[in-house]
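Undergrad: quick one, fold the following:
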Amino acid sequence: MELTLTTPALLFPAISLLLLAYTNRFLALASLIRNLKSQYVENQNPNLLGQISNIRTRIFQVRNMQACAILSFFMCVLTMWLLYNGEQLIAKYLFGLSLLLLMISLFISLREIQISVKALELELSDVEEYIRESERKK
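TA: Numbers count the residues shown, from 1 in each chain. Okay, here's the model as predicted:
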């Protein structure tokens, strides 16, 4: 397979959009952490500790997704530099590593979404329980 300068360049927009999405996810989690912290300081609700722990796990996942995507981006640029210098074989392996890192980043993103959905399910179950209790009181 012939690897040209345009092949790794094709990943630039995809990786850039992924990094933007990951950054938005990180910022949303940071805002949620600040809200939960202030709620916990006010109410000392032990249920919030579980949510904070869940978010800590998600922040760790987002950090790892970002790191893999950034490394993938770096490897794409390095691949282009190696191709420019005529190092075809090393460039192929490096581009393969870049694709692998991108796949790892996407896998971690999938895992983080699963954790997020689990947290939302817990939140919904609390709301459903609250609704049942209010209906019993009527």
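Undergrad: mind giving me the packing neighbours of the strand or helix carrying Met80?
TA: Using DSSP states H and E, Met80 sits in helix 46-84. In terms of contacts (3 or more C-beta pairs under 8 Å, 6 or more residues apart in numbering; DSSP states H and E), helix 46-84 is packed against helix 6-9, helix 11-43, helix 88-137. Where you see a C-beta, it was placed from the backbone N, CA and C, and this is true even at glycine.
Undergrad: and of those, who's closest to Asn64?
TA: Of all the helices and strands packed on helix 46-84, helix 88-137 sits nearest to Asn64, with 5.2 Å by C-beta to C-beta.
Undergrad: elements contacting the worst-scoring helix or strand of the chain on mean pLDDT?
TA: Least confident helix or strand, the chain: helix 6-9 with a mean of 84, by mean pLDDT, DSSP states H and E. If you count contacts as 3+ C-beta pairs under 8 Å, 6+ apart, helix 6-9 packs onto helix 46-84, helix 88-137.
Undergrad: what would these look like in a markdown table with mean pLDDT and distance to Met1?
TA: Output for the helices and strands packed on helix 6-9, formatted as a markdown table (pLDDT from 0 to 100; distance: least, C-beta to C-beta, whole Å):
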| stretch | mean pLDDT | distance to Met1 |
| --- | --- | --- |
| helix 46-84 | 89 | 13 |
| helix 88-137 | 87 | 7 |
